[in-house]
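Asker: sequence plus the predicted model coming up.
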Amino acid sequence: MVFWVFGYGSLVWNPGFEYDDKMIGYIKNYRRVFDLACIDHRGTPEHPARTCTLEYKEGAICWGAVYCVRGDEEKERLAMAYLENRECEYDQKTTVDFFKDGEIEEPTLSGVIVFTSTPDKESNKYYLGPAPLEDMASQIATAFGPCGNNRDYVFLLEKAMFDIGHEDDLVIELANEVRKVLGITGLGIPKESSNRLTGLPLKPKSPMSPRKLLHLPEAISMDT
């Protein structure tokens, strides 16, 4: 048994589950946007946070980290149950091709799971839609929930993308606007948040052949 899941938000720096392999790379035709509400991690129903989701855009690429869980059915079940609970604001589970740096035509992996959301406010109650940069920054600067402040999420994502060597212009622009709202300088990354990172990063092994991957059925909900 094996499955791979692609992280483009908090999963990049804090997977939070036991995994066997990790690789840095990208998926095609998607870009990261902050159009999704979070009401139980970094925000509340009264004051939702803004977290990132993926928007389909032909020709775009989105960098992140892919994690492998292999073993018996129980190990896979526990990892997926954790992800489904954590990603509870996402209403879609999609399978995509994953590419490592330098690979353009042939994917390293196929059938990689990624949690996304329907960009429709009628069918997806968590979809906020786009907003002016200043409005998003004001919302992010003030929202907080059981897992911490919304601003920490943005600052830690900014740092995580820097650490993997693939900074995201939108994340940087938004983080700088949040700093402007807060009147702070520097990266603004809280020391305590940086110390809470979990997961078991391992050196990547030889990638598994896409033909050996198991395509899981479409799921129901999630959040990154």
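Answerer: In hand now; what should we look at?

Asker: lowest average confidence, helix or strand, in this protein?
Answerer: Least confident helix or strand, the chain: helix 191-194 with a mean of 44, by mean pLDDT, DSSP states H and E.

Asker: what residue ranges in this structure score low on pLDDT?
Answerer: Low-confidence segments of the chain, defined by pLDDT under 70, span residues 186-224.

Asker: quick check: longest strand of it.
Answerer: strand 49-70 (DSSP state E).

Asker: and that strand, which strands flank it?
Answerer: strand 2-7 (antiparallel), strand 21-38 (antiparallel) (DSSP bridges).

Asker: elements contacting the helix or strand just after that strand?
Answerer: Note on strand 49-70: by DSSP states H and E, the next helix or strand toward the C-terminus is helix 73-86. Helices and strands touching helix 73-86, by 3 or more Cβ pairs under 8 Å, 6 or more residues apart in numbering; DSSP states H and E, are strand 2-7, strand 49-70. The C-beta positions use only the backbone N, C-alpha and C, and glycine is treated the same way.

Asker: buried sites along helix 73-86?
Answerer: Lys75, Glu76, Ala79, Met80, Leu83, Glu84, Arg86 (16 or more other Cβ atoms under 10 Å).

Asker: make a markdown table out of the residues you listed and add distance to Asp120.
Answerer: Below are the buried residues of helix 73-86 laid out as a markdown table (distance: Cβ to Cβ, whole Å):
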| residue | distance to Asp120 |
| --- | --- |
| Lys75 | 35 |
| Glu76 | 31 |
| Ala79 | 29 |
| Met80 | 25 |
| Leu83 | 23 |
| Glu84 | 21 |
| Arg86 | 23 |
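
Asker: pick out the most distant pair among the residues you listed.
Answerer: Spatial extent of the buried residues of helix 73-86 (Cβ to Cβ) is set by the pair Lys75 and Arg86 at 16.9 Å.

Asker: now the residue of the chain most remote from its centre: phi and psi?
Answerer: Ranked by distance from the centre of the chain (Cα atoms, centre = their mean), the top residue is Gly183, with 26.9 Å. Backbone torsions for Gly183, taken as degrees, to the nearest 10, come to phi 70, psi 40.

Asker: spell out the secondary structure type for the nearest residue in space to Glu134 that is not next to it in sequence.
Answerer: Leaving aside its sequence neighbours, Glu134 sits nearest to Glu177 (Cβ to Cβ, 6 or more residues apart in numbering; 6.5 Å). Secondary structure, DSSP: H, G, I helix; E, B strand; the rest coil: Glu177 is helix.

Asker: also Glu18?
Answerer: Per three-state DSSP, Glu18 ends up coil.

Asker: pretty sure it is touching Leu83, no?
Answerer: No. Counting by Cβ atoms under 8 Å, Glu18 stays clear of Leu83, with 11.7 Å between them.
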